[in-house]
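Enquirer: below are the sequence and a predicted model; questions follow.
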Amino acid sequence: MWLTFGLSSLGDWLGLLATSLFAAGQVTGSTAKGLAFGGVVVARLLPTIVLGPLAGAFVDRFDRRLTMVVCDLIRFVLFASIPLVAVVGSVPVAVVWALIATFAIEVVGMFWNPAKEASVPNLVPREQLEAANQLSLIATYGVTPLLAVAIGAGLNRFLLSLVQDDPTRLAINPNDVALYLNALTFLVAALVTATIKEISTGEGRLRRSGPAGVPEPSLPTALLDGWKYAGRTPLVRGLVLGILGAFAAGGVVVGVGQFFAVGLGGGDATFYLLFGALFVGLAGGMAFGPSLVRGLSRRRWFCASIGLSGFAVAVLPFSLHLTMAIPLTVLAGTGAGMAYLAGTTLLGAEVPDAMRGRVFAFVQSTVRVVLLLSIAVSSLLVGIGGGRKIPLGAFDLDLSAARLLLLVSGVLAIVASVFSFRAMDDKPGVPLFRDLYSTLRGHSLPVPGDRSGDGLFIVFEGGEGAGKSTQARALSDWLTARGFEVVATREPGATPLGRQIRSLILDHSDDAPSARSEALLYAADRAHHVATVIRPALERGAIVVCDRYIDSSLAYQGAGRDLAPEDIEWLSRWATAELVPDLVILLDVDPSIGLTRVGDRGAVDRLEAESREFHERVRRAFLDRAATDPRRYLVLDAGSSAAMLSDRIKVRVAPLLKVRPGVPDPESADPESAAPGAEGSDVSMEAR
Ligand SMILES: Nc1ncnc2c1ncn2[C@@H]1O[C@H](COP(=O)(O)OP(=O)(O)OP(=O)(O)O)[C@@H](O)[C@H]1O
Ligand SMILES: Cc1cn([C@H]2C[C@H](O)[C@@H](COP(=O)(O)O)O2)c(=O)[nH]c1=O
């Protein structure tokens, strides 16, 4: 599948190079060659502006697989027709046809691209979307352009070698061969795409067979809906703004690159070096960015990447020498590559399928327009602006319009990143730079609960029969004995409403809830529990000790039931209005031990009766979750004795307790509670 998409991308790049060279090759004189070459490039960009948005609305309404297959077939015919027309027609006809065909190819690409982008999220599980986008973007912007150049040059060399390097003896022009080869890539892509049935799925197609009597919106209405959606959704607004800012800055770098290279004392070779550095950074950002930032919120990563790119572009004009300009250019490319990957993944994951085609088309077309404009305007301004040199000892500082433009565009990209951040940040209250620093060291900072009052929220988590109730009771008794107000509670079923929900979920019944309704029922119980029991208690300053919370949903519904963990996390965050525990005590137990303990207790409920594999997945998910934030988790081996576990827990909880008037200091009051040698530890795995 990725090979097919890559093949179409290769066709795209090879096609642009081959057609531009073909058009330039048909005429003589540098002005005519330049016009023919430039004409092809303009012909490739023009349809985007006119047709891009319409194509998105089309893609959301029609079968995406069919759209992609038809597009590839049309491109096959068009590319093959370019050299064929040259064989039968005159030179002007061949050039005009090359322009018309190129225009038509771009129009077709306008439909293929959003169809592909909108299909990817339906083809891979959500958690693999980023990796899939990574592969696709590296193929599109890293491998295939280079491959296109290599194939073009290699073909030329190969054909010339057949005629002892005498071009006049060539029976066929190498560019013609490249075009035929290119046409073939589209034919193969069409045939393979036709076999990938999953591309057709998605709400866009399902909607057509949706509720009877609901009329389908017309194309203009669908288009308008797409724009309205982009305008009123903060995430999409932030993404579009950020992407445009980054591309505008990138356009300026390209537009002023040649003048900047001259300012650095170089020439064309310096320009190519800078250009190459930008692409090295781009590919590096896409390839290594995700493993660098790991757990960082993807929204924050996106904004920070644009900020990084803007910063590098803003500092670039202060380069005195190429050795300084190259690393900065790589950095600018790295930021842009990471931003593009994060932006594409966010759009794929968070924009509903029915809207995705339009949103992708909207982003792609505005990006192209902004890129084109920024290249054109900056190269014009830099030509008009000129510059002068200021002697600085060993170096001359070139104070030119090129440097000024770089500075301005870098600053603009930083401003765009700030606006994007404001529009889409999903961790309000958590300082960005601290979060970044913490993430680079291994774990991102948790979102603090919106808490008034100074209570303490402690949660026990773990598999069946791990001993959560036993330990929660022991801790509550210990705290109560020390004069604290303790609210001992549990999920599901701590409230009258919750008890009804608990029986709906856990009782054996012929009408057992489906995975999604089960997740919603747990979330409903939690929302009510937090609103009516936990939050009021915390506001009073009480200590809440809760048997199970959000992590149970992530482990049982996310890993056990195989629902997307991001969905469960979002649902839980929404249900609790972001209330995060101060401490999570995870009692880790082998499911066979826990389930035996539970079985000894009597009849098992619906979830306890799930398979051994289910409970193994649950256990792993709990441990994975704890590993992301070791400071907030205490992981204990629940195979140890209850008394030993209890001691460990007291040692961990004691430093969190606030000394109140009339309440004995918990750290000094109960010497028998503290296990020797374990005080104050931030340990992530104890009692093993
Ligand atoms: N550390 C321990 N070692 C051995 N048995 C234990 C230990 N802790 C608890 N038990 C026993 O295991 C059984 C289950 O304990 P408990 O109800 O506390 O577990 P739980 O994790 O709350 O179970 P559930 O998943 O059903 O909520 C009880 O019979 C309890 O006495
Ligand atoms: C909160 C929560 C719980 N579960 C599961 C886990 C257990 O099998 C039961 C609760 O039983 P317990 O004896 O009270 O521990 O429900 C879940 O699947 N998802 C959740 O969010």
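Expert: Sure, I can see it. Residues are numbered from 1 along each chain as shown. Ligands and ions are numbered 1, 2, ... in the order given.
Enquirer: for ligand 2, what's its nearest residue on the stretch 251-400 of the chain.
Expert: Proximity of the stretch 251-400 of the chain to ligand 2 (CB to the nearest ligand atom) peaks at Gly295, 21.6 Å away. Where C-beta positions appear, they are placed from N, C-alpha and C, glycine not excepted.
Enquirer: where does that residue land in three-state SS?
Expert: Judged by DSSP: H, G, I helix; E, B strand; the rest coil, the three-state class of Gly295 is coil.
Enquirer: that one and Ser438 touch, don't they?
Expert: No - with contact defined as CB atoms under 8 Å, Gly295 does not reach Ser438; the gap is 9.3 Å.
Enquirer: coming back round to it: look up how far Thr628 lies from the residue of the stretch 251-400 of the chain closest to ligand 2.
Expert: To Thr628, Gly295 is 6 Å away according to CB to CB, to the nearest Å.
Enquirer: next: Val533.
Expert: 27 Å.
Enquirer: domain map for this protein?
Expert: What automatic domain parsing lists as the domains of the chain is 1-204, 219-445, 456-686.
Enquirer: closest to ligand 1 out of the ones you listed?
Expert: domain 456-686 (2.9 Å).
Enquirer: can you give the distance from that closest one to the centre of its chain?
Expert: 31 Å (CA atoms, centre = their mean, to the nearest Å).
Enquirer: contacts only, for Ser646.
Expert: By CB atoms under 8 Å, 6 or more residues apart in numbering, the contact set of Ser646 is Gln471, Ala474, Leu475, Trp478.
Enquirer: what is the burial count for the last one?
Expert: Think Trp478. By the criterion of other CB atoms under 10 Å, Trp478 has 19 neighbours.
Enquirer: do the second one as well
Expert: One way to gauge burial is a neighbour count; for Ala474, by other CB under 10 Å, it gives 19.
Enquirer: so which strand or helix has it?
Expert: If you go by DSSP states H and E, Ala474 is part of helix 468-481.
Enquirer: run through who's touching that helix.
Expert: In contact with helix 468-481 (CB under 8 Å, 6+ apart) are residues 458, 460-462, 486, 488, 490, 543, 545-548, 585, 587, 642, 645-646, 649-650, 653, 657, 670, 673.
Enquirer: who has more neighbours, Val533 and Thr628?
Expert: Between Val533 and Thr628, Val533 has the larger neighbour count (other CB under 10 Å), namely 17 against 14.
Enquirer: please report phi then psi for the more buried one.
Expert: phi -120, psi -60 (degrees, to the nearest 10).
Enquirer: ditto for Ile458
Expert: The phi/psi pair for Ile458 (degrees, to the nearest 10) is phi -120, psi 130.
Enquirer: neighbours of it, how many?
Expert: If we define neighbours as other CB under 10 Å, then Ile458 has 24 of them.
Enquirer: which residues does it contact?
Expert: Ile458 is in contact with Leu475, Ile543, Val544, Val545, Cys546, Pro581, Asp582, Leu583, Val584, Ile585, Val653, Leu656, counting by CB under 8 Å, 6+ apart.
Enquirer: need the helix or strand of the chain with the lowest average pLDDT.
Expert: The weakest-scoring helix or strand in the chain, judged by mean pLDDT, DSSP states H and E, is strand 685-686 (a mean of 36).
Enquirer: which stretch of helix or strand covers Arg65?
Expert: Assigned by DSSP H and E, Arg65 falls in helix 64-88.
Enquirer: I'd like the next helix or strand past that helix.
Expert: helix 91-123.
Enquirer: now for that following helix, which elements pack on it?
Expert: Helix 91-123 sits against helix 2-25, helix 30-61, helix 64-88, helix 129-137, helix 322-350, helix 353-385, with contacts defined as 3 or more CB pairs under 8 Å, 6 or more residues apart in numbering; DSSP states H and E.
Enquirer: the fourth one: how far from the chain's middle?
Expert: This points to helix 129-137. The answer for helix 129-137 is 9 Å, by CA atoms, centre = their mean.
Enquirer: and that helix, what does it pack onto?
Expert: Using 3+ CB pairs under 8 Å, 6+ apart, helix 129-137 sits against helix 2-25, helix 91-123, helix 268-293, helix 322-350.
Enquirer: go through those helices and name the closest to Leu380.
Expert: Of all the helices and strands packed on helix 129-137, it is helix 268-293 that lies closest to Leu380, at 17.5 Å by CB to CB.
Enquirer: and that closest one with helix 129-137, angle?
Expert: Angle, helix 268-293 to helix 129-137, by axes from the mean of the first three to the mean of the last three CA atoms, to 10 degrees: 160 degrees.
Enquirer: got the CA positions of the stretch of helix or strand Gly307 belongs to in PDB?
Expert: According to DSSP H and E, Gly307 maps onto helix 298-315. Below are the C-alpha coordinates for helix 298-315, written out as PDB (Å, rounded to 0.1, in the frame of the first residue of the first chain):
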ATOM      1  CA  ARG A 298       1.300  16.400  19.800                       C
ATOM      2  CA  ARG A 299      -0.300  19.800  19.900                       C
ATOM      3  CA  ARG A 300       2.500  21.200  21.900                       C
ATOM      4  CA  TRP A 301       5.100  19.400  19.700                       C
ATOM      5  CA  PHE A 302       3.600  21.000  16.600                       C
ATOM      6  CA  CYS A 303       3.700  24.600  18.000                       C
ATOM      7  CA  ALA A 304       7.100  24.100  19.500                       C
ATOM      8  CA  SER A 305       8.400  22.800  16.200                       C
ATOM      9  CA  ILE A 306       7.200  25.900  14.400                       C
ATOM     10  CA  GLY A 307       8.700  28.100  17.000                       C
ATOM     11  CA  LEU A 308      12.000  26.200  16.600                       C
ATOM     12  CA  SER A 309      12.000  26.700  12.900                       C
ATOM     13  CA  GLY A 310      11.100  30.400  13.200                       C
ATOM     14  CA  PHE A 311      13.900  30.900  15.800                       C
ATOM     15  CA  ALA A 312      16.400  29.300  13.400                       C
ATOM     16  CA  VAL A 313      15.300  31.400  10.500                       C
ATOM     17  CA  ALA A 314      15.400  34.600  12.600                       C
ATOM     18  CA  VAL A 315      18.900  33.800  13.800                       C
END
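Enquirer: list the helices and strands that helix packs on?
Expert: Helix 298-315 packs on helix 234-263, helix 268-293, helix 322-350, helix 401-424, helix 432-440, going by 3+ CB pairs under 8 Å, 6+ apart.
Enquirer: closest one to Leu595 among those?
Expert: Across the helices and strands packed on helix 298-315, closest to Leu595 is helix 322-350 (CB to CB), at 35.1 Å.
Enquirer: do the helix or strand containing Leu595 and ligand 1 meet at all?
Expert: With secondary structure defined by DSSP H and E, Leu595 is part of helix 591-601. Yes - interface with ligand 1: helix 591-601 contributes Arg597, Val598, Arg601 (CB under 6 Å from any ligand atom).
Enquirer: including pLDDT, could the residues you listed go into a markdown table?
Expert: Shown next, in a markdown table, are those (pLDDT from 0 to 100):
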| residue | pLDDT |
| --- | --- |
| Arg597 | 91 |
| Val598 | 88 |
| Arg601 | 77 |
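Enquirer: tell me the one among these nearest to Gly310.
Expert: Nearest to Gly310 among these, with distances taken as CB to CB, is Val598, at 55.9 Å.
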